[in-house]
Structure formats: structure tokens, C-alpha cells
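Asks: The following comprises the amino acid sequence and a computationally predicted model.
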2 protein chains.
Amino acid sequence: MHAHAHLARPDLAATAHEALLAGFTLRELPKGYLLSTPESPHNQVLMVHSGRLRVYLAGDNRELNLSFLEAGDIYTTHTPTYVEAVVPSSIWLIDTPTFARKLATDPSVTPAMMRVMGRLLSNAVGLIEDLAFREVPARLARFLWQLAERRGHRLEHGWLVPLDFSMQDIASLLGTTRQSVSSLINQWEREGVLQRQSRRSLLVPSLDSLKARSSPVP
Amino acid sequence: MHAHAHLARPDLAATAHEALLAGFTLRELPKGYLLSTPESPHNQVLMVHSGRLRVYLAGDNRELNLSFLEAGDIYTTHTPTYVEAVVPSSIWLIDTPTFARKLATDPSVTPAMMRVMGRLLSNAVGLIEDLAFREVPARLARFLWQLAERRGHRLEHGWLVPLDFSMQDIASLLGTTRQSVSSLINQWEREGVLQRQSRRSLLVPSLDSLKARSSPVP
DNA sequence: TGCTGTCCGTCGGCTGGCCGACGTTTTGGC
DNA sequence: GCCAAAACGTCGGCCAGCCGACGGACAGCA
């Protein structure tokens, strides 16, 4: 549930892959390419074929990541955000008017699309809850155990969690700063809540200790 | 644009009123009635016929209003929020599965529905931007001048703005506290940015002074 | 014309966490 | 391998704004 790590998962791909993709054009994006900004006039619908896109808001010398999109994820720029390729990526693209015509003629696509938008909404609401109600440690703890549940592998000694985000990435995802994330993780390591394996993965002995830290001020 | 005061305006009503409402049932809600909570299993689509509903999130001894819905507004409980009637209200109701069948058979409703969800999303994103990037005075200033533009009446000496929210309502809408809102408004009154007419309305000599205060840290 | 409940104004203490700064470690390109 | 660039760790100052508290103002309502 919730969590900013992924606004939209397979769904559409599963339900209506071929039918849906007719009309889309495949497009290659170089690393760092800015696909869309709040000012760009064109609304479009996209599905990631490969690579990684970052969806974010930008404020005064500060950025907030709404989501990272990966293969199979779907997004629509109905909403005023930036979308940027963080690695070379390829995506299926279509502009909204064309897509709307498609919806009108082929109503079978509608429910899938509604699900996607519903998911986007839920995640936005989840982020609002985080920002309004939870403090930074709680947000981070929740982020980590959700990551563990979704991406982690069960070992004898706990969960091995791949962590392919920089601390800056995580901070922006949670609406906090690099420093705060860094301090917290190191503190938790000292407390035995987690261990760093490599730079790019964590070992979490028990998810419970994380869950305990993910509720509003205990 | 944006602003939490109204997540969804007429739209649907204008485009497909009768066609749309077929299948909906009219329902009377007493004051204080809790129509839906994050835990309630049933998703539904509603349109306000009369009265006033409050859409909000609840955290530990704290609430955040996402929106107040009034006549003509549309909402869908796709997303885990509380919906409560703050005055006796009557609404058109339908559950999502039924509505989905409707969409499937009558694709003409789809674009309107997409617009509604798009609007919900935009507003959610707007609130996220507020919480993440703007400080309390900026949020309040923006709220007030948007209210003035939407609801205010032009007079010789400025704008007369009806204010049918308590300070607590406004605070919850902006993600801050009653005290902060109260202090700011009184401070601005001393500075001549606004004057209180009655308890339920403001006089704003010039919207510019508000707009000036609504940008991130000047 | 009192009584009770809701709303508003203001004050001061307290603190989460932002920010700048600076040194260290890791990574990746060539 | 080497070196620049990126990423990480840690510390302390600082402040927006939350929180509790308390008193006044303005309803209804009998």
C-alpha cells in the first residue's frame, strides 16, 4: 500500500498490453533528458519499457521526488510535475487527445486507466499524510520496510534489501534532507536495527523493529 | 488553479448531467454523518446536491482537510480519506462497480470522469507542494487571495471576501494550527493588508499585498 | 439575563530538523 | 591505476512553528 517508490505498477500491462500499446510510439531518452515540466503544454500518457524515470516537483532550491518509474510503470502528465530520465531509457508515448479518442472508441481500456489514476491519487494522498502527520524517522522506517517487503529477499539472518537509491534520492522521496537520512541510518545501524552490506544493499534482521519506528511518535 | 478549497467543480454536471445521474440514488445525510472512512470497504462516486461535505485525513490528534465539497462538486472515495457532512446535506451516490459498468457501456461519460480524477490529482499535488515548499504565511496568503478571486465581490475600497470557514477549518486546510492562522491574520490586519468586517467576512484593499506574501520566503 | 459551548487572541517555552561546512570514502571514466 | 566527481558522515547553530495555557468574545437557548 501507498509508498512513493512506485506510483503505478504493471496492471495495464497485464490486462491490455497489445490492445493498449497500439497507437503508442517507442521513444529513446538519453540520461538526464527532461521529458516534461509543469509548464510544458502537452499532456501525455507513457509506459516505461526500460530504464528509470524520476517524477518530481521543484521548489525554491529544493526538490521533492514523487516517484521513480521503472519497466512496466505507467504515468500520465495530467499533473504539473517534472519527469526526467535518470538513466538512458525507452518508453512508449502517446499524447492525451489521441489517447482520449482511443478510450472513446475502445472502452475496454477505461477500467485499467482508472486504476492507474486511482493509484496515482492514493500515492499522492499517502505522501500528504506523511508530510502532515509523520516525522522524518517514521517516514524513513516505513519507506525501508516497504522496500524490504517489495524488493527484499528472505535470508536466514533477516531480509536482504537492495537499495538502488542514493541517500539524496531517498531524502527527496521523503521530503527531508540528505543529512537527516544519513544520520538516521547510521544511528539505526549502531542500534542494530540494520546493517549495511555493500553500498547498495542493507541487511535487516527483523522488520518489526522498523515497523515499530514507523508510527507517529511513540 | 490548485487550492484545496475545491477539489472538483461542476464539469460533469455541465457535460452529462442527466445521462450521468441515471443509476445514482439520492441520499440525505444528517449533520456530522461520516459517509466514508479509510477503512470502509466500499468505494463510491458521489455528487453533492446540497449542503457541505468535508474531505479530510486524520492523524494522531490532528486532522488535515483536503477539501470542502459543495453543491455540484464530485468526489470519488478511490482514495483513503474521511468524508463527513458538516451540515445536513443531500448527495447523489453510486458504488464504484456499478459506475464502472456504466462507464463500460456508455463511454461518453469517461472523459468527464477522467477530468474529475485529473483535478483531484492536481489538487493533491498542489497540497504536496504547499506542505513541502511553502511556509505557513505563504500558504495562508495564497488561500486568501484565491478565495477572494473565486468568491469575493469587488467594491470601491477593495474586495469583500465571505469567509465561511472557522480559523480551525482554515488551519486544517493548510496543514497548520489555529493559533498560527489567528496570529497571522491579526498581524496582517495591523499592517493594513486586510480588515475584518463581520466575523464572517474580510475586506481586502488590494490583492497584490496578499500575492506578495504568497511566494516562498522573499 | 444568566449559562454553556464554541470560537478567537496572545504569550512563551520547546524542538525537529534544515542548513552550511568540511572532511572522508566510493565510484567511474580514461 | 589515477584523478576528478559524486556520494556519504557528522557536527552545531538556528528558527519556524507546534503546543499548552488561559482569558475574552460571541452566540444560542431556556
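Replies: Right, received. Where do you want to start? Residues are numbered from 1 along each chain as shown, chains lettered A, B, ... in the order given.
Asks: roughly how far out does the longest helix seen in chain A sit from the chain middle?
Replies: The single longest helix within chain A, with elements called by DSSP state H, is helix A:110-133. Relative to its parent chain, helix A:110-133 has a centroid offset of 11 Å by CA atoms, centre = their mean, to the nearest Å.
Asks: For it, name the packing helices and strands.
Replies: helix A:12-21, strand A:62-69, strand A:74-76, strand B:53-59, strand B:62-69, helix B:96-105, helix B:110-133 (3 or more CB pairs under 8 Å, 6 or more residues apart in numbering or on different chains; DSSP states H and E). Placement of C-beta: from N, CA and C, glycine included.
Asks: Which positions in the next helix or strand after it come out as buried?
Replies: Next along the chain after helix A:110-133, taking DSSP states H and E as the criterion, comes helix A:136-151. Within helix A:136-151, the residues scored as buried using 16 or more other CB atoms under 10 Å in any protein chain shown are A:136-148.
Asks: The helices and strands packed on helix A:110-133: which one's closest to DNA strand C?
Replies: Among the helices and strands packed on helix A:110-133, strand A:62-69 comes nearest to DNA strand C, with 6.1 Å by CB to the nearest atom of the strand.
Asks: Just send the helices and strands packed on helix A:110-133 back as a markdown table, with mean pLDDT and mean neighbour count too.
Replies: As requested, the helices and strands packed on helix A:110-133 are arranged in a markdown table below (pLDDT from 0 to 100; neighbours: other CB atoms under 10 Å in any protein chain shown):
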| stretch | mean pLDDT | mean neighbour count |
| --- | --- | --- |
| helix A:12-21 | 53 | 15 |
| strand A:62-69 | 94 | 21 |
| strand A:74-76 | 92 | 24 |
| strand B:53-59 | 93 | 19 |
| strand B:62-69 | 93 | 21 |
| helix B:96-105 | 85 | 15 |
| helix B:110-133 | 90 | 21 |
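Asks: Please name whichever of the ones you listed is nearest to DNA strand D.
Replies: strand B:62-69 (6.1 Å).
Asks: wait, does the closest one contact DNA strand D?
Replies: Yes. On the criterion CB under 7 Å from any atom of the strand, strand B:62-69 is in touch with DNA strand D at B:R62.
Asks: Got the phi and psi for the one residue in chain A that gets nearest to DNA strand C?
Replies: Residue nearest to DNA strand C within chain A: A:E135 (3.2 Å; CB to the nearest atom of the strand). Torsion angles at A:E135 (phi, psi; degrees, to the nearest 10) stand at phi -90, psi 170.
Asks: any idea how far it is from chain B?
Replies: 11 Å (CB to the nearest CB, to the nearest Å).
Asks: what about that residue, how many residues close to it?
Replies: 11 (other CB atoms under 10 Å in any protein chain shown).
Asks: ok, now which ones touch the closest residue in space to A:K211 that isn't next to it in sequence?
Replies: In this structure, A:K211 finds its nearest non-sequential neighbour in A:W145, 5.8 Å apart by CB to CB, 6 or more residues apart in numbering or on different chains. A:W145 sits next to A:204, A:207, A:210-211, A:214 when contact means CB atoms under 8 Å, 6 or more residues apart in numbering or on different chains.
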